[in-house]
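Novice: coords below, sequence missing:
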């Protein structure tokens, strides 16, 4: 398998079609005021746009094969909790020894804030970055993260720079959980939609008081055991899928694509190319495959619905024949 430099975990949004086609120069101008600057000595967090190619003072938007790529940098600076706690305790003990009284709650809170500000300039910083992919033709906006905090950072930065984009979560006629339930209930692979294939990992959970969890890894999932779990009310929250033998991913109940992988043959067309062209080639090939896979997945889930519409559930499958064997608790996804 070949891993391109971007797109490992995707959260999918739909944005305003006209705003998605904003000319590159206008998009660049909109991002420039929010170009990344490192944390100041007493600053705990800094967020800003960086050059997708990593070239200093380069453009903040790259257009590759008609697709737009952006990259957001997040830098945090934090005093380790144990260091902060020890220092506050030492200061509080000093106050007690010199004044004969113990600091009150408000004084301890103020002392904690003062110590944190004092130690912040000496704290190390941590950096991470998040890729953003905009498809101007379809209005698809994909963020290469499934972390709630990172998604908030990106969406906030986008809303400040380009409020007209107005990204909203992509919604389908059937919920991902309903689709996964139907595919796991299939009698054979012939019943799977289009080029979609169920792979060998899933997670099932119940909504009852017991909160049962079943994780199946490296197993053929078209069997009576899985169907019986579904008949008893467990529902898939994650399911490993592949599309047309080209892209593999784990679909979640919130329509996120985790652990995206491009399968053998996808990058063969690139051949031996100059390293300076690798970025463009990988992005062009990977976005083309993802366009097809995402469109196929949306179609398999009944197509996209307008904002405000409620995705349709699928009835629980009938009980399967046979006795389910106990399932070991496999490692999490």
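Specialist: Cool, the structure landed. The structure displayed is predicted, hence computed values, not measured ones.
Novice: so who does the spatially closest residue to residue 68 that is not a sequence neighbour touch?
Specialist: Sequence neighbours aside, residue 134 is the residue nearest to residue 68 in space, at 4.1 Å (criterion: CB to CB, 6 or more residues apart in numbering). From N, CA and C alone the C-beta is placed, and that goes for glycine too. Going by CB atoms under 8 Å, 6 or more residues apart in numbering, residue 134 touches 15, 20, 67, 68, 69, 70, 140, 141.
Novice: Doesn't residue 250 belong to a strand?
Specialist: Yes: Residue 250: assigned to a strand according to DSSP: H, G, I helix; E, B strand; the rest coil.
Novice: Enumerate every residue touching it.
Specialist: Residue 250 makes contact with 201, 238, 239, 240, 241, 257, 258, 259, 333, according to CB under 8 Å, 6+ apart.
Novice: returning to what we had before: quick check, the residue nearest to residue 68 in a helix?
Specialist: No: assessed with three-state DSSP, residue 134 is strand; it does not lie in a helix.
Novice: I'd like the distance between it and residue 63.
Specialist: 10 Å (CB to CB, to the nearest Å).
Novice: Could you tell me which residues touch both of the two?
Specialist: residue 69.
Novice: For the nearest residue to residue 70 once chain neighbours are set aside, give the beta-bridge partners.
Specialist: Distances taken as CB to CB, 6+ apart place residue 132 nearest to residue 70, at 4.2 Å, with adjacent residues excluded. Residues in a beta bridge with residue 132, per DSSP bridges, are residue 70, residue 143.
Novice: on that earlier part again, mind picking the two most distant members of the contacts of residue 250?
Specialist: Farthest pair in these (CB to CB) is 201 and 257. Separation: 13.9 Å.
Novice: neighbour-wise, which of the two wins?
Specialist: Remark: of residue 201 and residue 257, residue 257 carries more neighbours, 25 against 19, as counted by other CB atoms under 10 Å.
Novice: Next, the buried residues of the strand or helix carrying the more buried one.
Specialist: Element membership of residue 257, judged by DSSP states H and E, is strand 256-262. Residues of strand 256-262 classed as buried: 256, 257, 258, 260, 262 (neighbour count, 16 or more other CB atoms under 10 Å).
Novice: Then stretch 79-95?
Specialist: Neighbour-count burial for stretch 79-95, counted by 16+ other CB under 10 Å, picks out 79, 84, 87, 88, 91, 92, 95.
Novice: Can you get me a residue count around residue 73?
Specialist: 20.
Novice: likewise residue 217?
Specialist: The number of residues packed near residue 217 is 14, by other CB under 10 Å.
Novice: what bridges to it?
Specialist: The residues listed as beta-bridge partners of residue 217 by DSSP bridges are residue 201.
Novice: My understanding was that it contacts residue 201; is that so?
Specialist: Yes: taking contacts as CB atoms under 8 Å, residue 217 lies within contact range of residue 201: 5.1 Å.
Novice: all strands for this protein, in order.
Specialist: 10-14, 45-50, 62-64, 67-77, 125-135, 140-143, 168-169, 196-205, 213-217, 235-243, 247-252, 256-262 (DSSP state E).
Novice: any idea which of the ones you listed is most buried?
Specialist: Among the strands of the chain, the stretch with the highest mean neighbour count (mean count of other CB atoms under 10 Å) is strand 140-143, at a mean of 24.
Novice: what's that one in contact with?
Specialist: Under the criterion CB under 8 Å, 6+ apart, residues 7, 10-15, 20, 130-135, 150-151, 154-155, 165, 167, 170, 290-291, 294 lie in contact with strand 140-143.
Novice: One more: stretch 283-294?
Specialist: Applying CB under 8 Å, 6+ apart, the contact partners of stretch 283-294 are 4-7, 10, 12, 62, 64-65, 67, 69, 133, 135, 138, 140, 142, 243-244, 246-247, 249, 257, 260, 262, 266-267, 269-270.
Novice: cool, stretch 197-204 as well?
Specialist: Residues contacting stretch 197-204 (CB under 8 Å, 6+ apart): 180, 183-184, 186, 189, 192, 213-222, 226, 229-230, 234-243, 245, 248, 250, 332-333.
Novice: For the residue nearest to residue 68, give its distance to residue 61.
Specialist: From residue 134 across to residue 61, the span is 9 Å (CB to CB).
Novice: what residues do those two have in common as contacts?
Specialist: Shared contacts of residue 134 and residue 61 (CB under 8 Å, 6+ apart): 68, 69, 70.
Novice: The last one against residue 63, yeah?
Specialist: No: under the criterion of CB under 8 Å, residue 70 makes no contact with residue 63, lying 10.8 Å away.
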